[in-house]
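Visitor: the following comprises the amino acid sequence and a computationally predicted model.
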Amino acid sequence: MYRDAAASPLSEDELPALFASFGGCRHILLAVSGGRDSTAMMLLAALRRRQAGGPDISVATIDHGLRDESARECALVLERAASLGLRGLMRRWTGEKPATRLQEKAREARYRLLSEAAADIGADAIATAHTLDDQAETVLMRLARGSSLDGLAAMRAATRRGALLHLRPLLGTPRARLTATLRQAGMPWIDDPSNVDPRFERTRIRDLLAALGPLGLQAERLALLARRAARGADALDHVAQATLAAAMRRDEEGVVLDPGLLAGVPAEIRLRVLEKAIAAVRTGDRPSYRLRLERLESLQAEAEAAIAAGRGGWRRSLGGALVSLDRDGRLLVRPEGERHRGRGPAMPQV
């Protein structure tokens, strides 16, 4: 995909900027599979710590149990971590493996196990080795799904994952430079055959990206699109938060929105306000759950049609919230809760 022969290894002078996000952390857990990208991250993070100290760094490797070689590969990761002076630990994904959506479920299991491992050692952050190439592939995948501006922003260099900070220090680094760095250091890596398996969407997208390069859609350009989309999404979110504060009031049951204060607001801002109002009333583990865009758009369209027609009593549920229009024309957003389930007619889902 990249011009490996022309790529230069990362120099030690580049490490302070590469790992600047590590500075505010106490203890960082590196997610290392033994593949090229994560092995490079482990090597570079160890070199950076030797340069300037900083937070504690540990390594976690996950045995998904999907291939016969996985346990041996995890052991190799632990050996390499120890050779770099880093503490290593392994976690296993146990139980029956799903027959469908395997990569998605494996990713969910990986982050769950990483979060548990971080809690066990007192880490306040995890770091994954997503590269500029991964970012470009993610943009193409989101384009194929008709994503929003937020989706085109793809991965962020730093996000929250529950109580943990999730860092991606290599997000602006081409994979070819990591390859050159490992070769210069004489450090081998493990090639996972699933990375070239055409059954998986990311493999097919990776092949597509290679074909698009000569047309000007190189990974660097797609990553630039992601950065600009992120800037736009952040601006819209800022305006939506201020609009929500003006149009919303809380009562003992949840949130009340004044449609009159939203009437002259652009549709994208109204959509974000509705999403934030729903998020504000969620309970339990739902706050981190992102609503599907098409369902949110459908709910917004129905709600606005009901408001325009003055249909007091209209109500729908979405994402654990019950949205309704009262007889005074106010939009009420309540936790759906058990008290709304099983009583009378089923609530229409959107």
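Guide: Good, I have the coordinates.
Visitor: please make it C-alpha for all contacts and neighbour counts, starting now.
Guide: Will do.
Visitor: who does the longest strand seen in the chain pair up with?
Guide: Among the segments of the chain that qualify as a strand by DSSP state E, the longest is strand 56-63. Applying DSSP bridges, strand 56-63 is found paired with strand 27-31 (parallel), strand 87-92 (parallel).
Visitor: correct me if wrong: residue 42 contacts residue 83.
Guide: No. Judged on CA atoms under 8 Å, residue 42 makes no contact with residue 83 at a distance of 11.0 Å.
Visitor: residue contacts, residue 37?
Guide: 129-131, 175, 178-179 (CA atoms under 8 Å, 6 or more residues apart in numbering).
Visitor: let's see 7 Å
Guide: 129, 175, 178 (CA atoms under 7 Å, 6 or more residues apart in numbering).
Visitor: burial measure for residue 81, as a count.
Guide: 22 (other CA atoms under 10 Å).
Visitor: centre-most residue in the chain?
Guide: By CA atoms, centre = their mean, the mean C-alpha position of the chain lies nearest to residue 155, the distance being 5.8 Å.
Visitor: ok, the closest residue to that one other than its chain neighbours - contacts?
Guide: Nearest residue to residue 155, sequence neighbours excluded (CA to CA, 6 or more residues apart in numbering): residue 135, at 6.5 Å. For residue 135, the contact set (CA under 7 Å, 6+ apart) comprises 154-155, 171, 223.
Visitor: weed out the non-buried ones from those.
Guide: 154-155, 171, 223 (16 or more other CA atoms under 10 Å).
Visitor: any weak-confidence spans in this protein?
Guide: 1-5, 196-197, 283-289, 338-350 (pLDDT under 70).
Visitor: any idea how it splits into domains?
Guide: By the assignment in automatic domain parsing, the chain contains the domains 4-227, 251-340.
Visitor: those: which one's closest to residue 234?
Guide: Nearest of the domains of the chain to residue 234, taken as CA to CA: domain 4-227 at 8.4 Å.
Visitor: re earlier: quick check: next helix or strand after the longest strand of the chain?
Guide: Counting by DSSP states H and E, the next helix or strand C-terminal to strand 56-63 is helix 70-83.
Visitor: how about the contacts of residue 135 in TSV, adding secondary structure and distance to residue 87?
Guide: Compiled in TSV, the contacts of residue 135 are given as follows (DSSP: H, G, I helix; E, B strand; the rest coil; distance: CA to CA, whole Å):
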residue	secondary structure	distance to residue 87
154	coil	31
155	coil	27
171	coil	24
223	helix	33
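Visitor: would TSV of those with distance to residue 256 be doable?
Guide: Formatted as TSV, those follow (distance: CA to CA, whole Å):
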residue	distance to residue 256
154	32
155	33
171	40
223	39
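Visitor: grab the two from these that are most spread out in space.
Guide: 154 and 171 (10.7 Å).
Visitor: count of residues packed around residue 158?
Guide: There are 15 residues near residue 158, going by other CA under 10 Å.
Visitor: write down the beta-bridge partners of it, one by one.
Guide: Under the criterion used (DSSP bridges), residue 158 bridges to residue 167.
Visitor: ok, it touching residue 168?
Guide: Yes. Under the criterion of CA atoms under 7 Å, residue 158 makes contact with residue 168 at 6.3 Å.
Visitor: buried residues, the longest strand of the chain. List them.
Guide: Those buried within strand 56-63 under the rule 16+ other CA under 10 Å are 57-63.
Visitor: and what of stretch 21-33?
Guide: 22, 25, 27-33.
Visitor: show residues contacting stretch 96-103.
Guide: So stretch 96-103 is in contact with no residue, going by CA under 7 Å, 6+ apart.
Visitor: so which residues of the stretch 251-350 of the chain form helices?
Guide: Shown for the stretch 251-350 of the chain, the helices assigned by DSSP state H, counting those that start in this stretch span residues 259-262, 267-281, 293-309.
Visitor: closest to residue 201 out of those helices?
Guide: helix 293-309 (20.6 Å).
Visitor: now the closest one and helix 267-281, what's the angle there?
Guide: 100 degrees (axes from the mean of the first three to the mean of the last three CA atoms, to 10 degrees).
Visitor: sorry, back to before: for the residue nearest to the centre of the chain, give me phi and psi.
Guide: Backbone torsions of residue 155, given as degrees, to the nearest 10, read phi -90, psi 150.
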